[in-house]
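> Sequence first, then the predicted structure, then my questions.
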Amino acid sequence: MAVLAIFCLFPVYWMIVTSLRPANEVFDTSLWPTAASLDNYVYALNAIPIIEMLGNTLLVSAVVTVVQLFTGLLAAYAFARWRFPFDKLTYTLIALTWLVPFQVVMIPNYLLVADLGLLDSLAALILPHFAAALAILMLAQAMRSFPREVLEAARMDGAKSWRILWEVIAPNLRGTIASLTILIFISTWNEYFWPLLLSRTPENSVIQIGIQMFMTSEGTQWGPLMAASTMASLPILLLYVGLQRQVIQSFMKSGIR
């Protein structure tokens, strides 16, 4: 396990080391630069608005996570506890949408966003992600295993569906919700194609687009690129370190890694 851990962490280490190399040593193969420098970080911060882009990415990721959890809880409760016409068919269709790559619906979404006049805005990065099949499927499965006796007791006490969802079910699904939160946040943070299609100015873009700006037809600026990548990876790395058990649990439950 130690050997595998070193093998997996080495690319991250090499990214950090490369970001500290001066321009004349960027292709050096030594494990540590002879003269470590923060010049690449200074250059990257001056070349693009990294702090503003990181803030935009954090805002978009947080809003998408909260909204997908909210809509997922509502839809999952309906599928798990109610019976209505074509409920199984609707659930199956939602499950099938999970198999459709987002790139397939990017053009229709782009045309819709353009008609709404939201191009080059953070709202356009958020709106298409208001609901997700992953959230609905994971939460519905968790709710179906919830003890019915507890729900019946709550109904006998006069609780309605809204109160049962938020005061009985949701607090007891903290593990699933935490796992889903991590998955949605990381997925949104790493999103590239949709922001690339919509963004026109760095101030209204996300950090993944900022990183791409160091790769041009004239060549790749590897030092600043690695510096920007390190700053972009830092929040996710901290999330992994702080919530590694939940991250592992989320991957095991979702089955997508």
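Looks like it came in fine. From a predicted model like this one, the values you see are computed outputs, not experimental measurements. Numbering: from 1, shown residues only.
> Return the distance of the nearest residue to residue 164 once chain neighbours are set aside relative to residue 74.
Leaving aside its chain neighbours, residue 164 sits nearest to residue 154 (5.0 Å; criterion: CB to CB, 6 or more residues apart in numbering). C-beta coordinates here come from the backbone N, C-alpha and C atoms, glycine included. Per CB to CB, to the nearest Å, residue 154 is found 18 Å from residue 74.
> And residue 177, by the same measure?
Distance of residue 177 to residue 74, computed by CB to CB: 13 Å.
> Give me the more crowded residue out of those two.
The residue with more neighbours, out of residue 177 and residue 74, is residue 177; 19 against 14, by other CB atoms under 10 Å.
> quick one: average confidence on the helix or strand harbouring the more buried one?
Using DSSP states H and E, residue 177 sits within helix 174-189. Averaged across helix 174-189, the pLDDT comes to 86.
> Give me the buried positions along it.
By neighbour count with 16 or more other CB atoms under 10 Å, helix 174-189 contains the buried residues 176-189.
> can you check stretch 106-125 too?
For stretch 106-125, the buried set under the neighbour-count rule, 16+ other CB under 10 Å, comprises 106, 109-110, 113, 118, 121-122, 124-125.
> Can I get it in CSV, CA atoms only?
The C-alpha coordinates for stretch 106-125 follow below in CSV (Å, rounded to 0.1, in the frame of the first residue of the first chain):
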residue,chain,number,x,y,z
MET,A,106,-24.2,20.9,-24.5
ILE,A,107,-25.3,22.5,-27.7
PRO,A,108,-29.0,22.6,-26.8
ASN,A,109,-28.1,24.0,-23.4
TYR,A,110,-25.9,26.5,-25.0
LEU,A,111,-28.7,27.7,-27.3
LEU,A,112,-31.1,28.0,-24.4
VAL,A,113,-28.6,30.0,-22.3
ALA,A,114,-27.9,32.2,-25.3
ASP,A,115,-31.6,32.9,-25.7
LEU,A,116,-31.8,33.8,-22.1
GLY,A,117,-29.0,36.3,-22.5
LEU,A,118,-26.8,34.6,-19.9
LEU,A,119,-23.6,33.9,-21.9
ASP,A,120,-20.4,34.7,-20.1
SER,A,121,-22.1,34.6,-16.6
LEU,A,122,-21.8,32.4,-13.6
ALA,A,123,-25.6,31.8,-13.7
ALA,A,124,-25.1,30.0,-17.0
LEU,A,125,-22.6,27.7,-15.4
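> what are the ranges of the strands in this structure?
With DSSP state E, the ranges of strands along the chain come out as 215-216, 219-220.
> The first one: how far from the chain's middle?
Same thing as strand 215-216. 25 Å (CA atoms, centre = their mean, to the nearest Å).
> what about the residue lying closest to residue 78 once chain neighbours are set aside, neighbour count?
The shortest distance from residue 78 to any non-neighbouring residue, by CB to CB, 6+ apart, is to residue 84 (7.7 Å). Residues near residue 84, counting by other CB under 10 Å, number 8.
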